[in-house]
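Student: The following comprises the amino acid sequence and a computationally predicted model.
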Amino acid sequence: MAEIKPRHSRNIPALSEADMEKLAGSKVLVVGCGGLGGNIIEYLARAGVGALKVVDGDVFEESNLNRQILSTSENIGQKKALAAAERVRAVDPSIDVTPVCEFLTKENASALMADADLVVDALDNAAARLVLEDAAAEAGLAIVHGAICGWDLQAMLVPPGSGLLHQMYPEGYTPASKTSLPVTPAICAAIEASTAIRYLCGLDVPLEKSLLIGSIADMSYDIIHFAD
């Protein structure tokens with residue numbers, strides 16, 4: 001059993017030493033380094049995930065400053081994936097972090113998933129999510145899905161080949177609004193990251209094929225269970 005690093009000692013006993021060893025050996029693909037992705041990457045890095053591939057073809061804009069934890073007034077115009085990798089190395093230099101400054105496409109999706117143990121959806125549009133699900137199904141990988149709008153959020157673990165995102169997002173789907181507050185991405189990201197951690201550790205995952213929907217405006221939450 002590998003020795004637990006002091007930086008991870010507070011994870012014990014909520015996570016066992018065996019759990020920590022599993023995290024250290026895990027490789028996670030995070031697609032999107034914005035409002036959701038920035039927080040997810042931060043949480044997974046601090047939890048002790050050993051390798052992260054962070055993907056985003058975008059650069060920071062001033063409108064990102066209200067919610068994207070990786071954005072600052074100084075890095076406007078910088079590529080988000082590079083900022084994410086820089087942050088991971090600042091948190092834990094031992095993490096194997098690979099930035100990919102590209103948008104997810106049908107052409108690169110399979111290559112991005114090479115060697116991954118889990119895919120995390122931090123995207124902001126339905127079309128890209130469907131591309132992600134198709135590629136993950138082909139690779140036999142589960143997806144931790146999350147999405148936000150204003151005060152509202154949703155999250156779920158999507159098993160490989162289940163087609164749940166295709167059920168939720170029909171072709172041509174567009175949201176009524178793209179409003180995004182500072183707090184909603186952080187809360188949704190925490191749910192996604194905790195789901196990812198439990199999955200990687202082989203623990204029970206309450207949100208497997210079960211969509212958590214909630215509003216932090218009135219603190220109402222519900223779970224929709226998808227049939228097998």
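Tutor: Received the coordinates, thanks. Bear in mind that the values here come from a model prediction, so they are computed numbers and not experimental data.
Student: What is the host helix or strand of Tyr43 packed up against?
Tutor: Using DSSP states H and E, Tyr43 maps to helix 35-47. Here helix 35-47 touches strand 27-31, strand 51-55, helix 80-91, strand 118-121, strand 143-149, helix 183-201, going by 3 or more Cβ pairs under 8 Å, 6 or more residues apart in numbering; DSSP states H and E. Quick note: C-beta positions are derived from backbone N, CA and C, even for glycine.
Student: Any idea how far it is from the middle of the chain?
Tutor: In terms of Cα atoms, centre = their mean, to the nearest Å, the centre of helix 35-47 is found 7 Å from the chain centre.
Student: Relative to Gly172, which of the helices and strands packed on helix 35-47 is closest?
Tutor: Distances from Gly172 to each of the helices and strands packed on helix 35-47 were compared by Cβ to Cβ, and the smallest falls on strand 143-149, at 16.7 Å.
Student: Tell me which strands the closest one pairs with, and in which orientation.
Tutor: Sheet pairing of strand 143-149 (DSSP bridges) gives strand 118-121 (parallel), strand 152-158 (antiparallel).
Student: which residues does the residue nearest the centre of the chain bridge with?
Tutor: By Cα atoms, centre = their mean, the mean C-alpha position of the chain lies nearest to Val120, the distance being 3.7 Å. The residues listed as beta-bridge partners of Val120 by DSSP bridges are Val30, Val144.
Student: And it, how far from Ser26?
Tutor: When Cβ to Cβ, to the nearest Å is the yardstick, Val120 and Ser26 sit 12 Å from each other.
Student: Kindly report the same for Gly50.
Tutor: 6 Å.
Student: the more surrounded of these two?
Tutor: Neighbours were tallied for Gly50 and for Ser26 using other Cβ atoms under 10 Å; the higher tally belongs to Ser26 (22 against 19).
Student: which residues touch that one?
Tutor: Contacts were defined as Cβ atoms under 8 Å, 6 or more residues apart in numbering; by that measure Ser26 touches Val49, Gly50, Ala51, Asp117, Leu118, Leu200.
Student: Once you drop chain neighbours, what's closest to it?
Tutor: Counting by Cβ to Cβ, 6 or more residues apart in numbering, Ser26 lies nearest to Leu200, which is 4.6 Å off, once chain neighbours are set aside.
Student: Count the residues that sit near the one you found.
Tutor: Counted with other Cβ under 10 Å, residues neighbouring Leu200 total 24.
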